[in-house]
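> Here is the input, now give the coordinates:
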Amino acid sequence: MRHRPAVIGTLLLATRPAFLSITLVAVLVGLATPVSQGIPIHAGLALASLAVALLAHAGANVLNDYHDHLNGCDAANTERVAPYTGGSRFIQDGRLTPEQTRRLALVLLSAAAAIGAWIVSVAGLPLLALGGLGLALAWAYSAPPLKLQARGLGEWAIVACWLLIIVGCDAVQRRALSLQPVVTGLPLALMAAAILFINQFPDRAADAQAGKRTLVVRLGPEAAKWGLFGLFMAALIWVVLMIGRQNLPQLCGISLAMLPVATAASRELVAHASEPAALRPAIRSTLLAAHLHGLLMAGALLLIGRHWR
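Next comes the predicted model:
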């Protein structure tokens, strides 16, 4: 019994909890979207939605560690930028066995499915398709036969997953599907993909050795380095376009305050794309830009929602 807190702590850390905060931000955007249109929040369903999103993301992280152990990627990664890239290394460091890691992933994804089933029973059957697709992508991102990340499709999978979080949280509250959370959530989904994208640069050599054909492996760092700027610009242009077309309130333009941080991240990557050890500032700035955008977008939407009260 004395060791139970240590075991729980190990299992928690194995999920890479520091990276779950971007999921929390996505949930906030998904909940703020219906609020901005005068729909009150059901607190119980909101907490359940948060639990599903965090459990699914945690399970996907652990499953990724398991499969990167099987393909030898994490063991071969000597250029990782800890703690941001290269996985948790809990298997490589002997803190968990491969089988324990696999079982933890299954428990986390099963828990997400169980809570999701309760949400569907309360909020409606259309959510079943969203939840099922989200869990399928969490599995297919790393696991065979699809192994989306290893095929250069990881960024698209991340965009889809984070959009599903935002659309799903919105749908749970409004009890219907809507295009509005796609409008508000696409920029954050693109920035979540940017986090994955920049993390591929330090891991490039190990990924290539393990046969993972990520975008950075396929293109090479000098060609791929412009991709981060492209993702940030796509997010920016989307927000400006949606405000111009009156699909987003003007106040949501405050979310573009992340632009200086995103610019700094892009410049750092362009300057040091082939130098894994020098990429820590670029990775940190990418994480900050994504979180800042999402929090400001959610805050703007919540402020707009006050006018409906």
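
> When you work out contacts or count neighbours from here on, use the C-alpha atoms and nothing else.
Fine.

> dump the residue contacts of residue 286.
Contact partners of residue 286, counting by Cα atoms under 8 Å, 6 or more residues apart in numbering, are 191, 194-195, 198, 261-262, 265.

> Please repeat the previous calculation with a cut-off of 10 Å.
191-192, 194-199, 228, 232, 258, 261-266, 269, 280, 292 (Cα atoms under 10 Å, 6 or more residues apart in numbering).

> go on, residue 17?
With contact set as Cα under 10 Å, 6+ apart, residue 17 has these partners: 54, 57-58, 61.

> returning to what we had before: can I have the buried ones of the contacts of residue 286 as a ChimeraX selection?
Here is the ChimeraX command that picks out the buried ones among the contacts of residue 286, judged by 16 or more other Cα atoms under 10 Å:
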select :191,192,194,195,196,197,198,199,228,232,258,261,262,263,264,265,266,269,280,292
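
> My guess is residue 238 contacts residue 189. True?
No: Residue 238 lies out of contact with residue 189 (Cα atoms under 10 Å); the separation is 11.7 Å.

> Next secondary structure element downstream of the helix or strand where residue 228 lies?
Using DSSP states H and E, residue 228 falls within helix 226-244. Next along the chain after helix 226-244, taking DSSP H and E as the criterion, comes helix 259-272.

> Now do stretch 200-212: distance from first to last residue.
10 Å (Cα to Cα, to the nearest Å).

> Geometric centre of the chain: which residue is closest?
Central residue of the chain (Cα atoms, centre = their mean): residue 192, 4.9 Å from the mean position.

> Give me the below-cutoff pLDDT ranges for this protein.
Low-confidence segments of the chain, defined by pLDDT under 70: 1-5, 307-309.

> Which stretches in it count as helices?
Secondary structure of the chain by DSSP state H: the helices cover 4-14, 21-36, 43-70, 73-76, 98-123, 126-140, 154-174, 180-199, 204-209, 215-219, 221-224, 226-244, 259-272, 280-305.

> correct me, but residue 194 touches residue 232?
Yes: if you go by Cα under 10 Å, residue 194 and residue 232 touch, sitting 7.6 Å apart.

> Would you convert the helices of the chain into a markdown table that also reports distance to residue 251?
As requested, the helices of the chain are exported to a markdown table (distance: least, Cα to Cα, whole Å):
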| stretch | distance to residue 251 |
| --- | --- |
| helix 4-14 | 37 |
| helix 21-36 | 11 |
| helix 43-70 | 24 |
| helix 73-76 | 43 |
| helix 98-123 | 30 |
| helix 126-140 | 29 |
| helix 154-174 | 19 |
| helix 180-199 | 12 |
| helix 204-209 | 40 |
| helix 215-219 | 35 |
| helix 221-224 | 33 |
| helix 226-244 | 9 |
| helix 259-272 | 16 |
| helix 280-305 | 6 |
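
> Also compute the angle for the helix holding residue 228 relative to helix 180-199, please.
Counting by axes from the mean of the first three to the mean of the last three Cα atoms, to 10 degrees, helix 226-244 lies at 160 degrees to helix 180-199.

> just the CA coordinates of helix 226-244, formatted as PDB?
These are the backbone C-alpha positions of helix 226-244, laid out as PDB (Å, rounded to 0.1, in the frame of the first residue of the first chain):
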ATOM      1  CA  TRP A 226       8.900  26.400 -44.000                       C
ATOM      2  CA  GLY A 227       6.000  24.200 -43.000                       C
ATOM      3  CA  LEU A 228       5.700  25.600 -39.600                       C
ATOM      4  CA  PHE A 229       5.300  29.100 -41.000                       C
ATOM      5  CA  GLY A 230       2.700  27.700 -43.400                       C
ATOM      6  CA  LEU A 231       0.600  26.200 -40.600                       C
ATOM      7  CA  PHE A 232       0.700  29.400 -38.600                       C
ATOM      8  CA  MET A 233      -0.200  31.500 -41.600                       C
ATOM      9  CA  ALA A 234      -3.100  29.200 -42.500                       C
ATOM     10  CA  ALA A 235      -4.500  29.700 -39.000                       C
ATOM     11  CA  LEU A 236      -4.100  33.400 -39.200                       C
ATOM     12  CA  ILE A 237      -5.700  33.700 -42.600                       C
ATOM     13  CA  TRP A 238      -8.600  31.600 -41.600                       C
ATOM     14  CA  VAL A 239      -9.400  33.800 -38.600                       C
ATOM     15  CA  VAL A 240      -9.100  37.000 -40.700                       C
ATOM     16  CA  LEU A 241     -11.200  35.500 -43.500                       C
ATOM     17  CA  MET A 242     -13.900  34.300 -41.100                       C
ATOM     18  CA  ILE A 243     -14.100  37.700 -39.300                       C
ATOM     19  CA  GLY A 244     -14.300  39.400 -42.700                       C
END
